[in-house]
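Trainee: I need the structure of the sequence given here:
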Amino acid sequence: MRHNETLFDFADWLTDPPSGGPIQMWLAGGLLSAVVTTYGTSCCIAQRATTLNITTRGFPSLGRGLWLEISGIHAVTFGSVITCIGLFIHFQWFWGNHKRMFPFHEFAKYGAALGVVVSIIAHAFTMIAHT
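Mentor: Model (predicted):
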């Protein structure tokens with residue numbers, strides 16, 4: 001299997017309706033999404049975030065430790081990305097497994113995916129322009 005086929009399989013898995021039942025609905029769509037969304041929202045409100053430091057070169061001012069602390073507008077845009085990811089998880093695995101909400105889960109899921117893309121662009125812009 002080539003590398004790009006794995007990427008397409010992952011994209012298919014994210015776009016297909018969920019095949020799980022109530023356990024997937026409550027664990028992934030309820031609990032996991034609540035944790036992710038709460039962390040993202042708290043980053044936006046407190047304007048502080050702690051994340052893994054994945055920078056290896058190019059940004060020496062960000063530090064070299066395992067954890068990266070960001071604040072201000074950078075934390076708000078980062079929190080926006082995390083919040084939209086949490087919403088995507090909720091719409092995909094909670095609404096997608098709920099029989100009454102199932103007809104609306106596609107629209108909500110793609111709206112959250114659009115929010116992720118816009119938030120990533122905003123975060124990249126603020127990290128480049130304000131660093």
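Trainee: where does Glu69 fall, secondary structure wise?
Mentor: strand 67-71 (DSSP states H and E).
Trainee: check which helices and strands the helix or strand following that strand sits against.
Mentor: Downstream of strand 67-71, the first helix or strand assigned by DSSP H and E is helix 73-93. In terms of contacts (3 or more C-beta pairs under 8 Å, 6 or more residues apart in numbering; DSSP states H and E), helix 73-93 is packed against helix 33-46, strand 48-52, helix 102-129. For glycine as for every other residue, the C-beta is placed from the backbone atoms N, C-alpha and C.
Trainee: so how far is stretch 32-42 from its chain's centroid?
Mentor: Mean-position distance between stretch 32-42 and its chain equals 9 Å (C-alpha atoms, centre = their mean, to the nearest Å).
Trainee: show me which residues of that stretch are buried.
Mentor: Neighbour counts using 16 or more other C-beta atoms under 10 Å place Leu32, Ser33, Val36, Thr37, Tyr39, Gly40, Ser42 of stretch 32-42 among the buried residues.
Trainee: please name the nearest non-neighbouring residue to the third one.
Mentor: On the basis of C-beta to C-beta, 6 or more residues apart in numbering, the spatially nearest residue to Val36 that is not a chain neighbour turns out to be Gly86, at 3.5 Å.
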